[in-house]
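Peer 1: The following comprises the amino acid sequence and a computationally predicted model.
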Amino acid sequence: MNESTSPSAAVRVDNLVKRYGAFVAVDHISFEIEPGEVFGLLGPNGSGKTTTIDCILQLLSYDKGEISLFGQPMAPTRYDLKRRLGVVPQNIAVFDELTVRENIDYFCSLYVTDKARRAQCVEAAIGFCGLEDFAAWRPKKLSGGLLRRLNIACGIAHKPDLAFFDEPTVAVDAQSRAQILEGIRVMNQAGATVVYTSHYMEEVEELCSRVAILDHGHIIAAGTVDELKAQVKAGETISVELPELPDGLTQKLQAMPQCLQAAYKDHTLTVRCANGPHNLLDVLGVVRDCHGVPGRVWSQPPTLNDVFLELTGRELRD
Amino acid sequence: MCKNWRLALLTLVRDKNFLIWCLGLPLGLATIFIFMFQPIDKLAALDQLPIAAVRLDAAQAATPQGQAYTQFLEALGSAADGDSGSPAIAVSWQDSVQEARQAVQDSQDAKRPFLGLVRLSPDSQLTFEAAPTNDSVTQMEQSVIVSVCDSWQARMDAAATLATQDPARLSQSSVQAALADVAGSVKKVSLTENSPRETCAFYFALLGFTALMCAQNSLLAALTLVPGASACGSRITASGQPRGRQMLIWLTASWTASFAGLVICLAYVCWAASIDFGARTGLVVLALAAASFMATGLGGLVAVAGPRETGAKEGVLTTVTCVGALFAGLYGEPVMEMANNLAEAAPVTAWINPVRQVMESLSALIYYDSLAPFWMHLGLVAAVGALCCAIGVLRLRRLRRESV
């Protein structure tokens, strides 16, 4: 990776507004990403994640706001800045007519002119994405997971300082997903700043050092995962398998001061508790008092979905 | 940049659109044309002209006029013309006038009937009795025989006059040679640089049509760079390479593919349809280079400045190609006649028709001694290509995803 010569933020977005006619896709968004961060943009489909990325990359014009990369204002002709970026778009962006190696070579050649260095980059990217056995294949013969890996290889072969991953794990199998996330982690450890957009909260929680949650073009919350979870009332969610619901159990649970919600569905009692000390023993005590016979019992710490649910009243995947 | 260009070229030539539209279609059409135009070429070709000739009896054959008559017809029947190496006139000797007339009459149902009979009258006048016909081609051929006979008779009359007025000159060898060389003057000549076939115009229109079909190739090439038109377009736009340079790389790759396709078509047409450009073959290749350049520019321009939908962009190019080919006369003889009449009545329709301009630049190499008309059409074709490329590059630099 190139060393960033500026101590400034890798990305600074200030008061960004993007409209499509009367529809406001991005509404006065501001955030900064420090060098070396893995920054997550989390939000449901249509929340403005990709539009924000496209504005940063100057693929879209915007109505208001300022964008700077590495401390310098970004513009469509700032090829010096663009050369430090890597882009992994949401849609597969490769040539069907070229082989895996040729595709990576083509996109790498848009950044790296030195032939010997490019050859090294291409081979490294093939290895990095686990495409060694498929280097001579055309994309049409690849599975969905391998295609995603090729899409990533084309975006990062030139070893960018700042890489944008726009929903890179959509429709891939668990094995490929784990491999992709591990690859991003390795890139970040090597010094690259990563901007990661997704509507999969588990991925963002696992990967990102800081997260901004978007909804309807607004940033509704931002911070580290722990900071975000601390911002909301929701704590752990306790689930208890019960063949039958004893009379008055949910009412007794809801009477507990730390209980936010208690519901029984499909033979499972779900109790959402407030942020604070553990509540498992208290909940099980109430179940026992009501002569309930618990089966399996598990407690789940609060997730970003809980954060989103509390902030918007909707599930993240709605 | 070279790597970029090589991979762009590879992408384009591996695309089935290139194989179908820039190679398969024109080669297929050329093959159909070759079979379709065979009768036209045959009709337009000037074959050997068969005549019957009456052999003289011994007394008349011994006279100077009789000897000259026999020598003339024997020479006529053996004089090879420059193009084919075979005699322009085929003489069939008959023993009497009656036999000759019968032979002419009998041959009328044959594939190649006698045009008439030639005989020397008792007063030493060469006479051509034409076979009755309403066919204009046969009448034209009979007029050739009449001209030959008239020419021989005029020389014999001149010789007779010289014999009475200036016998000394008649003995000069140069005069004798001039009087005797009637048969040598009967040969096919070409008024043009080479010997074009009647159907050349159709093949040239086909090459113009093919050039414009290649614009589809550059349309796809330029669309590769348009953000929003393709996923690769967005990725390439976000890359570190200036967009003008990317456009030039893809357009030159597209031009190379189109040019190669056109040269293959030209080689096939020249080989299969026996079209010979002679010493001007190099200029034909230059004309095709300019034609593919124009098509490349046109495709690039429509990609970045045309309607939003890719299908609509392809539709625009297909329409321009097919309408252009219509007014270049590609679709048959009546259409060619209509196109020529229109071009004569309203020359501007020919000037703005890219297919016609490609066709005219090729025709100029065959039908004109001077290269001025060729350079004029070539310049126009190249200028249109340069203009389209320039506008295309400028427009692409301003394109964003929401523009398309």
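Peer 2: Cool, got the structure.

Peer 1: can we go C-alpha only for contacts and neighbour counts from here?
Peer 2: Will do.

Peer 1: Name the residues of the stretch 151-300 of chain B found near chain A, please.
Peer 2: Residues of the stretch 151-300 of chain B lying near chain A by C-alpha under 8 Å from any C-alpha of the partner chain: B:227, B:230-232, B:234-242.

Peer 1: Return a PyMOL selection command for the buried portion of those residues.
Peer 2: For anyone working in PyMOL, the buried entries among those, judged by 16 or more other C-alpha atoms under 10 Å in any protein chain shown, can be selected with:
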select buried, chain B and resi 227+230+231+232+234+235+236+237+238+239+240+241+242
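
Peer 1: how far away is the closest residue to chain A within chain B from A:Glu310?
Peer 2: When scored by C-alpha to the nearest C-alpha, chain B has B:Gly240 as its residue closest to chain A, at 4.2 Å. The span separating B:Gly240 from A:Glu310 equals 42 Å under the rule C-alpha to C-alpha, to the nearest Å.

Peer 1: Where do the strands of chain B begin and end?
Peer 2: In chain B, strands defined by DSSP state E lie at B:49-54, B:89-94, B:116-120, B:126-130, listed in chain order.

Peer 1: Now render the ones you listed as CSV, adding distance to B:Ile391 and mean pLDDT.
Peer 2: CSV is the format used below for those (distance: least, C-alpha to C-alpha, whole Å; pLDDT from 0 to 100):
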stretch, distance to B:Ile391, mean pLDDT
strand B:49-54, 59, 89
strand B:89-94, 60, 86
strand B:116-120, 66, 90
strand B:126-130, 66, 89
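
Peer 1: So for B:Ser361, which of those strands sits nearest?
Peer 2: Comparing the strands of chain B against B:Ser361 with C-alpha to C-alpha, the closest turns out to be strand B:49-54 (35.0 Å).

Peer 1: helices and strands around that closest one, which ones?
Peer 2: Other elements packing on strand B:49-54 under the criterion 3 or more C-alpha pairs under 8 Å, 6 or more residues apart in numbering or on different chains; DSSP states H and E are strand B:89-94, helix B:97-106, strand B:116-120.

Peer 1: just for the stretch 201-350 of chain B, where's the confidence low?
Peer 2: Within the stretch 201-350 of chain B, the segments meeting pLDDT under 70 span B:306.

Peer 1: Mind jotting down where the helices sit in it?
Peer 2: B:215-223, B:231-237, B:243-272, B:281-305, B:310-326, B:333-345, B:347-351 (DSSP state H, counting those that start in this stretch).

Peer 1: ditto for the stretch 101-250 of chain A
Peer 2: With DSSP H, counting those that start in this stretch, the ranges of helices along the stretch 101-250 of chain A come out as A:115-128, A:144-156, A:174-189, A:201-207, A:225-231, A:249-254.

Peer 1: Turn the ones you listed into a markdown table, columns for distance to chain B, mean pLDDT and mean neighbour count.
Peer 2: Formatted as a markdown table, the entries for the helices of the stretch 101-250 of chain A read as follows, by distance: least, C-alpha to the nearest C-alpha, whole Å; pLDDT from 0 to 100; neighbours: other C-alpha atoms under 10 Å in any protein chain shown:
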| stretch | distance to chain B | mean pLDDT | mean neighbour count |
| --- | --- | --- | --- |
| helix A:115-128 | 9 | 92 | 18 |
| helix A:144-156 | 8 | 91 | 25 |
| helix A:174-189 | 19 | 88 | 16 |
| helix A:201-207 | 23 | 87 | 17 |
| helix A:225-231 | 30 | 85 | 17 |
| helix A:249-254 | 51 | 91 | 18 |
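
Peer 1: Looking at the ones you listed, which is nearest to B:Ala291?
Peer 2: Comparing the helices of the stretch 101-250 of chain A by their distance to B:Ala291 (C-alpha to C-alpha), the top pick is helix A:115-128, with 34.2 Å.

Peer 1: how big is the angle separating the closest one from helix A:174-189?
Peer 2: Calculated by axes from the mean of the first three to the mean of the last three C-alpha atoms, to 10 degrees, helix A:115-128 forms an angle of 140 degrees with helix A:174-189.

Peer 1: A:Pro44 in helix, strand or coil?
Peer 2: Classification of A:Pro44 by DSSP: H, G, I helix; E, B strand; the rest coil places it in coil.

Peer 1: my guess is it contacts A:Thr197, does it?
Peer 2: No: counting by C-alpha atoms under 8 Å, A:Pro44 does not reach A:Thr197; the two are 10.3 Å apart.

Peer 1: between the two, which one's more packed in?
Peer 2: For A:Pro44 against A:Thr197, the residue with the higher neighbour count under other C-alpha atoms under 10 Å in any protein chain shown is A:Thr197, and the figures read 26 against 21.

Peer 1: That one contacts A:Ala163, correct?
Peer 2: No: using C-alpha under 8 Å, A:Thr197 is not in contact with A:Ala163, being 11.2 Å away.

Peer 1: Show me what A:Asp18 is bridged to.
Peer 2: One correction, residue A:18 is Lys, not Asp. Listed beta-bridge partners, A:Lys18: A:Val26 (assigned using DSSP bridges).

Peer 1: Could you check how far it is from chain B?
Peer 2: Remark: distance between A:Lys18 and chain B (C-alpha to the nearest C-alpha, to the nearest Å) = 11 Å.

Peer 1: Report pLDDT for that residue.
Peer 2: The score at A:Lys18 is 93. That number is its pLDDT.

Peer 1: which residues sit in contact with it?
Peer 2: Contact partners of A:Lys18, counting by C-alpha atoms under 8 Å, 6 or more residues apart in numbering or on different chains, are A:Val24, A:Ala25, A:Val26, A:Asp27, A:Thr51, A:Ser61, A:Tyr62, A:Asp63, A:Lys64.

Peer 1: tell me the pLDDT at residue 109?
Peer 2: No chain was given, so I picked chain A. According to the model, A:Ser109 scores 92 on pLDDT.

Peer 1: wait, I meant chain B there
Peer 2: 83.

Peer 1: same thing with A:Val13?
Peer 2: For A:Val13, the predicted pLDDT is 93.

Peer 1: what's the first-to-last distance across stretch A:227-235?
Peer 2: 13 Å.

Peer 1: Please state the offset of that stretch from the chain centre?
Peer 2: On the basis of C-alpha atoms, centre = their mean, to the nearest Å, stretch A:227-235 is displaced by 19 Å from the centre of the chain it belongs to.

Peer 1: what's the answer for stretch B:98-117, then?
Peer 2: Distance, centroid of stretch B:98-117 to centroid of chain: 34 Å (C-alpha atoms, centre = their mean).

Peer 1: likewise stretch B:226-235?
Peer 2: Between the centre of stretch B:226-235 and the centre of its chain there are 44 Å (C-alpha atoms, centre = their mean).
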